[in-house]
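Peer 1: my questions are about this predicted structure, shown below with the sequence.
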Amino acid sequence: MDNAGYVTLSRQSGLLKEMQTVANNIANMSTTGFRRETTLFAEMIERLPVEGGSLSMTEARVRDTRFSQGGLIRTGSPFDMALEGDGFFQIQTPDGLRLTRNGSFTRNENGDLVTAQGHPVLDAGGAPVFMPPSAGKIEIASDGTVTADGQPVAAIGIVTVADEGGLRREGGVMFIAQGDVQAAQGAVLYQGFLEGSNVSPVAEITRMIDVQRAYEAGQALIEREDERIRSAVRTLGQIR
């Protein structure tokens, strides 16, 4: 394979990964608390057995998560919560602490606030949030304070991290913090709302079209290069 083939194949591989990222964003346009991803490309100098000894190629190495605010959707459920501003809910899973913007919660038979998967939601001190099953009215203030029939009973933990770039995605809307978490400043909690995905359908579909066209152009280049090499081989064979 010649230089053009190596360079084009590296580009095609990166475009394929970017298409997968865009497709995943589109598939999660309606997922509560989902954060869109983009693909970051890196240039690399590859030592190859070709003329010149090396080539500058590209590789899609990292998926970067964008943490911009999603739209708020009113549900009216007392256990649905949405955050406005920087911050995450803390969730305790069998694999450890996780962070999420998906505030679709419910109260289990023990009175604990849990996710749809049954994972406990944690308070500011890292303990499960307890909401008395016998309480008639549950209210949650903008700072996360929970009152049952007018009496304070808990405080929803709203935390943040020093560097959101260090968060590692898990399971679509869950994130693993690489460092310590701290109390979020300025985040506002809305009871009876959910935060939608921050994916823009128009932007993602436009990007998908652009990536598809770029991939098709690269494929056409590979096919032309292949035909050029075949033609050269046939010509040399006729000369002999």
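Peer 2: Great, that's in hand. Numbers count the residues shown, from 1 in each chain.

Peer 1: show me what contacts residue 118?
Peer 2: If you count contacts by C-beta atoms under 8 Å, 6 or more residues apart in numbering, residue 118 has them with residue 108. Just so you know, the C-beta spots here come from the backbone N, C-alpha and C atoms, and that holds for glycine as well.

Peer 1: can you pull the pLDDT of it?
Peer 2: Looking at residue 118, its pLDDT is 94.

Peer 1: was I right about residue 133 contacting residue 113?
Peer 2: No: counting by C-beta atoms under 8 Å, residue 133 does not reach residue 113; the two are 11.5 Å apart.

Peer 1: residue ranges with poor pLDDT in this protein?
Peer 2: Within the chain, the segments meeting pLDDT under 70 span 1-7, 41-62, 226, 239-240.

Peer 1: ok, now how distant is the residue nearest the centre of it from residue 88?
Peer 2: Centrality entry for the chain: nearest residue to the mean C-alpha point is residue 35, 4.4 Å, by C-alpha atoms, centre = their mean. Noted for residue 35: a distance of 11 Å to residue 88, by C-beta to C-beta, to the nearest Å.

Peer 1: now do the shared contacts for these two.
Peer 2: residue 101.

Peer 1: I'd guess the residue nearest to the centre of the chain is in a helix, am I close?
Peer 2: No: applying DSSP: H, G, I helix; E, B strand; the rest coil, one finds residue 35 to be coil, outside a helix.

Peer 1: got the domain ranges for this protein?
Peer 2: Domain assignment for the chain, taken from automatic domain parsing, gives 3-67+199-239, 72-195.

Peer 1: out of these, deepest packed?
Peer 2: Compared across the domains of the chain, domain 72-195 shows the largest average neighbour count, a mean of 17 (mean count of other C-beta atoms under 10 Å).

Peer 1: chain center to that domain: distance?
Peer 2: Centroid displacement of domain 72-195 relative to its chain, using C-alpha atoms, centre = their mean, to the nearest Å, is 19 Å.

Peer 1: between the two ends of it, how far is it?
Peer 2: Criterion C-alpha to C-alpha, to the nearest Å; first-to-last residue distance in domain 72-195 is 5 Å.

Peer 1: swap in stretch 152-168?
Peer 2: One end of stretch 152-168 sits 34 Å from the other (C-alpha to C-alpha).

Peer 1: quick one, phi psi at the residue nearest to the centre of the chain?
Peer 2: phi -120, psi 130 (degrees, to the nearest 10).

Peer 1: chain neighbours aside, what residue packs nearest to it?
Peer 2: In space, residue 35 comes closest to residue 65 once its chain neighbours are excluded; the distance is 5.0 Å by C-beta to C-beta, 6 or more residues apart in numbering.
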